[in-house]
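**Student:** Got a predicted model here, sequence first, then my questions.
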Amino acid sequence: MARSRTGACLEWRRSARDPHLAAGPQRDRPHPRFSAGALVSDGPPRRQRRLALGVLLAAAVLAVAVFPLRGTWWGGWILAIAEAGIVGGLADWFAVTAIFRRPLGLPIPHTALIPANWELMAARVGTMVGSRVLTKEYVAQEIARVDVASLIARAAERLTSRDLDVATRELARWLAAELSPKAAGDLVTRLRDLLLDRPLSPMLAAAVQMAHRHGWDQRAVTALTGSLAEAFDRPAFRSTVGELVDDLLTRYRERMGVYPRFWIGVASLLGLIDRERVLSALQAGLRQVAQEPDHPVRQRLTETMDELPGRLRADSGLAARIEAAKRDFLSTPIATRVVEDAAAALHRILLADLERPRSEVRVWIVERLERARRALAADEDLRQQLDRWAKARVLEMVERHHQRLAEFIENGVLALGPEGAVRLIEEHAGDDLQYIRVNGTVVGGLAGGLLYAVHLLLRLI
């Protein structure tokens, strides 16, 4: 009854903490470490089992051999040793077997202890490790002993520019090649939320300056205009831009007087102002800007970008208009598609640049990393600051997630299942348990011989 109440309590705790574990099949699936074949294998190595069985059989053979001589004092003494060894060996065999399973399959009470109590064992192991072994104080002491500053210094001294170049190239290639469409979509969504939450003017000024200094602005204009021109061939994008054009024309007409509005209406009736005409003109203009390095629009964009960083920092009115335009633009469905197309273009540019022997992106990243490496190697105060920062962040994580440690360990033991728990313990302690059987036979025989010797002495007295 007590065992059933304990199991019910554990089941309620697990169900309340993680509803997925209450379904049943999740609990009973084998642990990844143990395949189906491993769960039904022989347990501890057969050599130790044969040794324990051999010692027990030797005691039995000795008992049978000296049984006809039991009338003599020495025959009785040897028989007592053999019989006591048999009893001790059988008793320890029963005790060892009862830990893991029912001896001979008999429903004897208080046997198969691990399968019957593995849920309680999992809970107690998790609680013990979390509250008595890996305590927050102990973890904090171990973290404090780690000299992060020295590790940073040694790493900064050993790294070379070639190491940084190789690591940057491989990491950039992996990121560019392995970025899935779903991950790219999530990245676009997070970028959109970030742009909505933070002022755009300071970031835009710094980005424009850096892009112009490295000549990335011309490449960005080419990639962006080319991608937008290609996007017009997609019906969904063209329809969305067409709706935006209609909306802009409607707003423009509402702001105009009667006569201009009249003439615009006449032009629309004559087909001079038409959605498809506007869209085709936009697409053709974008293609010209992308293909012609000396296009007037491109030159005007270059001049504007040269002046833009200073204006963004000095002109509060311009910054306010940019913020308003940013919110209006990012609130429309076309914004996400434009950003996705820009991300795709950037992805293609990055892959093409990384294939070059002297990749500008890689050179730029390596230069910054090399500068940081030299600063870390020379600045002791900076290393100490990083040491304190890293330890503080780790301690925060320990403080925040330490209570999950017991649950993590408990769920790990529960995932083993009763067969897996038996297999794990037999794998690590099976040899010693088989030697317990050997010791039981030997110690039992010695105890039996000693008692028989005392009996003989008492008879002589």
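**Tutor:** Okay, I see it. Residues are numbered from 1 along each chain as shown.
**Student:** Now do the domain split for this protein, please.
**Tutor:** Following automatic domain parsing, one finds the domains of the chain at 2-137+403-460, 179-355.
**Student:** Give me the number of neighbouring residues for the spatially closest residue to Met210 that is not a sequence neighbour.
**Tutor:** Using CB to CB, 6 or more residues apart in numbering and skipping residues adjacent in sequence, the residue nearest Met210 is Trp216, 7.6 Å away. Quick note: C-beta positions are derived from backbone N, CA and C, even for glycine. Number of residues near Trp216 (other CB atoms under 10 Å) recorded here: 18.
**Student:** same check, this time on Ile114
**Tutor:** Number of residues near Ile114 (other CB under 10 Å) recorded here: 18.
**Student:** and it, what element?
**Tutor:** helix 113-128 (DSSP states H and E).
**Student:** Past that helix, which element shows up next along the chain?
**Tutor:** Downstream of helix 113-128, the next assigned helix or strand under DSSP H and E is helix 136-145.
**Student:** Return the distance of that next one from the chain's centre.
**Tutor:** How far helix 136-145 lies from its chain's middle: 23 Å, per CA atoms, centre = their mean, to the nearest Å.
**Student:** now stretch 427-443
**Tutor:** Centroid separation for stretch 427-443 versus its chain: 41 Å, with CA atoms, centre = their mean.
**Student:** Which positions within that stretch qualify as buried?
**Tutor:** 427, 430, 433-434, 436-443 (16 or more other CB atoms under 10 Å).
**Student:** Flag whichever of the residues you listed scores worst on pLDDT.
**Tutor:** Going through those one by one, the lowest pLDDT turns up at Gly430, 70.
**Student:** how close does that residue sit to Val422?
**Tutor:** Relative to Val422, Gly430 is positioned 10 Å away (CB to CB, to the nearest Å).
**Student:** same thing with Ala390?
**Tutor:** Per CB to CB, Ala390 is found 42 Å from Val422.
**Student:** and these two? which has more neighbours close in?
**Tutor:** Each of Ala390 and Val422 has its neighbours counted (other CB under 10 Å); Val422 has more, 21 against 16.
**Student:** Does that one touch Leu113 like I think?
**Tutor:** No. Applying CB atoms under 8 Å, one finds Val422 not in contact with Leu113, separated by 10.0 Å.
**Student:** residues shared between the contacts of those two?
**Tutor:** Shared contacts of Val422 and Leu113 (CB atoms under 8 Å, 6 or more residues apart in numbering): Phe100.
**Student:** one step back: buried sites along the helix holding Ile114?
**Tutor:** 114-115, 117-119, 121-123, 125-126.
**Student:** going on from the helix or strand encompassing Leu228, what's the next piece of helix or strand?
**Tutor:** Assigned by DSSP H and E, Leu228 falls within helix 216-231. Later in the chain than helix 216-231, the nearest helix or strand by DSSP H and E is helix 235-255.
**Student:** Centre of the chain to stretch 444-461, how far?
**Tutor:** Distance, stretch centre to chain centre, for stretch 444-461: 66 Å (CA atoms, centre = their mean).
**Student:** That stretch: which residues count as buried?
**Tutor:** By 16+ other CB under 10 Å, the buried positions in stretch 444-461 come out as 444-445, 447-449, 452.
**Student:** ok, residues contacting it?
**Tutor:** Outside stretch 444-461, the residues that touch it by CB under 8 Å, 6+ apart are 59, 73, 76-77, 80-89, 91.
**Student:** ditto for stretch 223-243
**Tutor:** Here stretch 223-243 makes contact (CB under 8 Å, 6+ apart) with 275-276, 279, 282-283, 286-287, 289-290, 333-334, 337-338, 341-342, 344-346, 348-349.
**Student:** Now intersect the buried residues of stretch 427-443 with the helices, please.
**Tutor:** Those of the buried residues of stretch 427-443 mapping onto helices are 427, 430, 433-434, 436-443, per DSSP state H.
**Student:** In TSV, list these along with distance to Arg102.
**Tutor:** Output for those, formatted as TSV (distance: CB to CB, whole Å):
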residue	distance to Arg102
Glu427	20
Gly430	18
Leu433	16
Gln434	19
Ile436	19
Arg437	17
Val438	23
Asn439	23
Gly440	20
Thr441	22
Val442	26
Val443	25
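**Student:** Nearest to Ala98 among those?
**Tutor:** Taking CB to CB as the measure, Ala98 lies nearest Leu433 of these, at 11.3 Å.
**Student:** Work out for me the element the residue nearest to that closest one when sequence neighbours are not counted sits within.
**Tutor:** Sequence neighbours aside, Val96 is the residue nearest to Leu433 in space, at 4.9 Å (criterion: CB to CB, 6+ apart). In this structure, Val96 is located in helix 73-100 according to DSSP H and E.
**Student:** Which residues in that helix does the neighbour count mark as buried?
**Tutor:** Neighbour-count burial for helix 73-100, with 16+ other CB under 10 Å as criterion, is recorded at 76-90, 92-93, 96-100.
**Student:** Report how many residues lie close to Tyr138.
**Tutor:** Using other CB under 10 Å, Tyr138 has 11 neighbouring residues.
**Student:** For it, give its distance to Arg313.
**Tutor:** Distance of Tyr138 to Arg313, given as CB to CB: 51 Å.
**Student:** Ala325 now?
**Tutor:** In terms of CB to CB, Ala325 sits 18 Å off from Arg313.
**Student:** Okay, now the unreliable bits of the chain?
**Tutor:** Applying pLDDT under 70 to the chain flags residues 1-46, 176-186, 249, 251-274, 335-336, 339-340, 342-344, 346-347.
**Student:** Buried residues of the one helix or strand Arg277 maps to, list them for me.
**Tutor:** According to DSSP H and E, Arg277 maps onto helix 275-291. The neighbour-count check on helix 275-291 (16+ other CB under 10 Å) flags 275, 278-279, 282-283, 286-287, 289-290 as buried.
**Student:** Could you do stretch 305-321 as well?
**Tutor:** Residues 305, 308-309, 312, 319 are the ones in stretch 305-321 that count as buried (16+ other CB under 10 Å).
**Student:** roughly how far out does stretch 413-423 sit from the chain middle?
**Tutor:** On CA atoms, centre = their mean, the centre of stretch 413-423 falls 24 Å from the chain's centre.
**Student:** picking up where we left off before, identify whichever of the domains of the chain lies nearest to Ser161.
**Tutor:** Across the domains of the chain (criterion: CB to CB), the nearest stretch is domain 179-355, sitting at 17.6 Å.
**Student:** mind checking how far that closest one is from the chain centre?
**Tutor:** How far domain 179-355 lies from its chain's middle: 37 Å, per CA atoms, centre = their mean.
**Student:** No further queries at this time; thank you.
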